[in-house]
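# sequence below, structure please.
(one chain, ligands or ions: 1)
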Amino acid sequence: MTVKKEVLFEGKAKRVSATDDPELLWVEYLDQATALNGKRKETIAGKGTLNLQISALLFQEITAAGVPTHYVDTPDQGSMIVRKAKMLPLEVVLRNYASGHFETKFHVKHLLSFKPAIHEYYYKSDALDDPFINNDQIQALGIADAATLAKVRALTDQVNDFLTARFAKAGIKLVDFKLEFGTLADGSLVLADELSPDNFRLVDDATGDSLDKDVFRKHAGELQPVYREVLRRLQASK
Ligand code: 5GP
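Coordinates of the predicted model:
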């Protein structure tokens, strides 16, 4: 059994601790929601547990489907054991339909469909406010080489294929999402971070309602019942 040790750092929605195994980390999902890159922050009771359960369910299924991930185990209702990875400082955004920043930037029709899907990168830097970055810039800054970027792209497509079909089974359209990747000690690339409605845009197939953090971002209602509904549907459509 893995034992939790000292806290290493606390992010916007997660707390990461060392464990008695140097290869493993203990990640607690917190009851916090942030928007505007952390400038707006609220406590939402039960959010951590819901996100953890959604994330664990999807990590288990996607790992079983052959995607390499950092996921190891879920020791309790609010924590995940993951393999330690050196994180790429990139937010990888994939868009199947127009929404969010893409829609406001290019003034296109809401939920315009993209085939093939659009891949975008943002440089993870709070000081710079996570700026958009392209492939050449990523390589010039030494963030990742061309081979790593090709692997990131292929894995992101694989994740998209899996998640799009998985959410469709639950009556949900996967509009867009953000992923983060890291490399393990052996140099292999894995999907890391979390797989939850904090990072996805999800739309109810039947009603068109948002089933993700946009509810919080747009002050459109209570987040907790929405996340509970996403978990319920994923569990019911296993
Ligand atoms: P947009 O660029 O339209 O704001 O976001 C595109 C997708 O990436 C959305 O699904 C959104 O949830 C996710 N995303 C973009 N930036 C962040 C971020 O800083 N944190 C989180 N949790 N998700 C993000």
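
# so is the longest strand seen in the chain next to the ligand?
Longest strand in the chain, counting residues (DSSP state E): strand 113-123. No: contact of strand 113-123 with the ligand (Cβ under 6 Å from any ligand atom) is absent, the minimum separation being 6.5 Å. For every residue, glycine as well, the C-beta is placed using N, CA and C.

# stretch 224-238 too?
No: legend: contact between stretch 224-238 and the ligand by Cβ under 6 Å from any ligand atom is lacking; minimum distance shown is 13.2 Å.

# returning to that earlier point: now the longest strand of the chain: buried residues?
117, 119-123 (16 or more other Cβ atoms under 10 Å).

# mind giving me the packing neighbours of it?
strand 90-97, strand 132-133, helix 135-140, helix 146-169 (3 or more Cβ pairs under 8 Å, 6 or more residues apart in numbering; DSSP states H and E).

# report the rounded mean pLDDT for that strand.
The average pLDDT for strand 113-123 rounds to 98.

# what lines up beside that strand in the sheet?
Here strand 113-123 is paired, per DSSP bridges, with strand 90-97 (antiparallel), strand 132-133 (antiparallel).

# quick one: low-confidence parts of this structure?
Residues of the chain meeting the criterion pLDDT under 70: none.

# show me which residues of this structure sit near the ligand.
91, 93, 100-102, 130, 176-178, 198-201, 213.

# from the residues you listed, which land in strands?
Judged by DSSP E, the residues of the chain next to the ligand include 91, 93, 176-178, 200-201 as members of strands.

# minimum distance to T183: which of the strands paired with strand 113-123 has it?
strand 90-97 (12.2 Å; Cβ to Cβ).

# give me the neighbour count for the nearest residue to V92 once chain neighbours are set aside.
Spatial nearest neighbour of V92, excluding adjacent residues (Cβ to Cβ, 6 or more residues apart in numbering): L179 at 4.6 Å. For L179, the neighbour count with other Cβ atoms under 10 Å is 22.

# contacting residues around L179?
91-92, 94, 156, 159, 191, 193, 199 (Cβ atoms under 8 Å, 6 or more residues apart in numbering).

# closest one of those residues to the ligand?
Proximity of these to the ligand (Cβ to the nearest ligand atom) peaks at N199, which lies at 4.5 Å.

# look up how far K124 lies from the residue nearest to the closest one when sequence neighbours are not counted.
Spatial nearest neighbour of N199, chain neighbours left out: K178 (4.6 Å); criterion: Cβ to Cβ, 6+ apart. From K178 across to K124, the span is 10 Å (Cβ to Cβ, to the nearest Å).

# list residues touching both of the two?
By Cβ under 8 Å, 6+ apart, the residues touching both K178 and K124 are E91.

# which stretches of this protein form helices?
47-64, 100-106, 135-140, 146-169, 214-217, 223-236 (DSSP state H).

# can I get those in TSV with distance to M87 and mean neighbour count?
As requested, these are exported to TSV (distance: least, Cβ to Cβ, whole Å; neighbours: other Cβ atoms under 10 Å):
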stretch	distance to M87	mean neighbour count
helix 47-64	16	20
helix 100-106	22	13
helix 135-140	14	14
helix 146-169	12	16
helix 214-217	24	20
helix 223-236	25	17
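
# give the contact list for I44.
31-33, 216, 223-224.

# mind doing that once more with 10 Å?
By Cβ atoms under 10 Å, 6 or more residues apart in numbering, I44 lies in contact with 13, 30-33, 50-51, 216, 222-224, 227.

# domain-wise, how is this protein divided?
4-83, 86-236 (automatic domain parsing).

# mind checking the end-to-end distance for the shortest one?
The separation between the terminal residues of domain 4-83, taken as Cα to Cα, to the nearest Å, is 14 Å.
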